[in-house]
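>>> Got a predicted structure here, sequence first:
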Amino acid sequence: MTIAGRVNTNSFWPVRDGDSFRISGMLEIVLVAASAAAVTYAGYSAMAPTSQTYGRTRVRGTNEQQLALTFDDGPNDPHTLRLLDVFAKHDVRATFFMIGRYVQQRPQIAREVAQAGHALGNHTFTHPNLIFCSEMQTRIQLAECNRTIEDVVGQSPTLFRPPFGGRRPSTLRIAGELGLAPVMWNVTGWDWNAHSSEAVERKVAKQIQGGDVILLHDGSHRQLGLDRSHTVAATDRLVARYKREGYRFVTISEIVA
């Protein structure tokens, strides 16, 4: 087409400068969104307890009549010992993932847990988030916790739970090299953020399906002596309730056998 004897070049170049700018902007938005999605997925893979993206972990069992109670961040007096009283009353066993430096400070409690027939697991020496640790730092954290538990109870742990659930592929590889099986969970009691035993019990009960690995805390990575009385009381009621319903409480080694 011509206008006043001249060629209309717009008919040959349908993408004008403004269109190019808009397309460039759209591409930038797509790239930013893709990057954000990749970061979100990486974060989920590193922190979500049931994710298997970075390697196989134990999350739950297949026997729907079994439940596994697990406790992080001990040993912690007096609440770890009070949990032992609860378990003795109901004749059940649990798994305790212990912080190495607390085992050093409260060795007698760790020994009593082991002597009562409960399983002890590695929860690192000082409780860092391992996704931010180098491979050397990770190896030191796990090896020092192993050594401390072995010195106190006479046996090195075979189970490992990463603090906060944080792990990378190298985290799981190093754990395997040290003879540790990584254990996560599929039921959370949120007891570190609860203000009553009833709240903890309700949160756990809403998630129970059978074959579950339940996350609770007998201590805190922040300090020794933190009050976990609401966890102790909730545990007492949960064990009584689910034993009446025909469930058996077992250690991690039993539920994933």
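Noted; the coordinates are in hand.
>>> show me where the stretch 51-200 of the chain has helices.
79-90, 100-105, 107-115, 135-153, 169-177, 197-207 (DSSP state H, counting those that start in this stretch).
>>> contacting residues for the closest residue to Cys145 other than its chain neighbours?
Spatial nearest neighbour of Cys145, excluding adjacent residues (C-beta to C-beta, 6 or more residues apart in numbering): Gly100 at 3.5 Å. C-beta here means a position set from N, CA and C on the backbone, and glycine is covered the same way. Shown in contact with Gly100 (C-beta atoms under 8 Å, 6 or more residues apart in numbering): 122-126, 141, 144-145, 147-149.
>>> Need the pLDDT of Val7.
The model reports Val7 with a pLDDT of 43.
>>> Find me whatever residue is spatially closest to Gly219, sequence neighbours aside.
With C-beta to C-beta, 6+ apart, the residue lying closest to Gly219 is Asn76, at 3.0 Å.
>>> any low-confidence regions in the stretch 1-150 of the chain?
1-44 (pLDDT under 70).
>>> Adding distance to Asp218, write the helices of the stretch 51-200 of the chain out as JSON lines.
Output for those, formatted as JSON lines (distance: least, C-beta to C-beta, whole Å):
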{"stretch": "helix 79-90", "distance to Asp218": "5"}
{"stretch": "helix 100-105", "distance to Asp218": "10"}
{"stretch": "helix 107-115", "distance to Asp218": "9"}
{"stretch": "helix 135-153", "distance to Asp218": "15"}
{"stretch": "helix 169-177", "distance to Asp218": "22"}
{"stretch": "helix 197-207", "distance to Asp218": "13"}
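>>> any idea which of those is most buried?
helix 100-105 (a mean of 20; mean count of other C-beta atoms under 10 Å).
>>> For Asn122, grab the count of nearby residues.
31 (other C-beta atoms under 10 Å).
>>> wait, doesn't it sit right on Ala143?
No: Asn122 is beyond contact range of Ala143, at 9.3 Å (criterion: C-beta atoms under 8 Å).
>>> okay, and the common contacts of those two?
Counting by C-beta under 8 Å, 6+ apart, Asn122 and Ala143 have no contacts in common.
>>> For the lengthiest strand in the chain, which helices and strands make contact with it?
As assigned by DSSP state E, the longest strand anywhere in the chain is strand 66-74. Identification of packing neighbours for strand 66-74 by 3 or more C-beta pairs under 8 Å, 6 or more residues apart in numbering; DSSP states H and E yields helix 79-90, strand 95-98, strand 212-217, helix 229-244, strand 248-249, helix 252-255.
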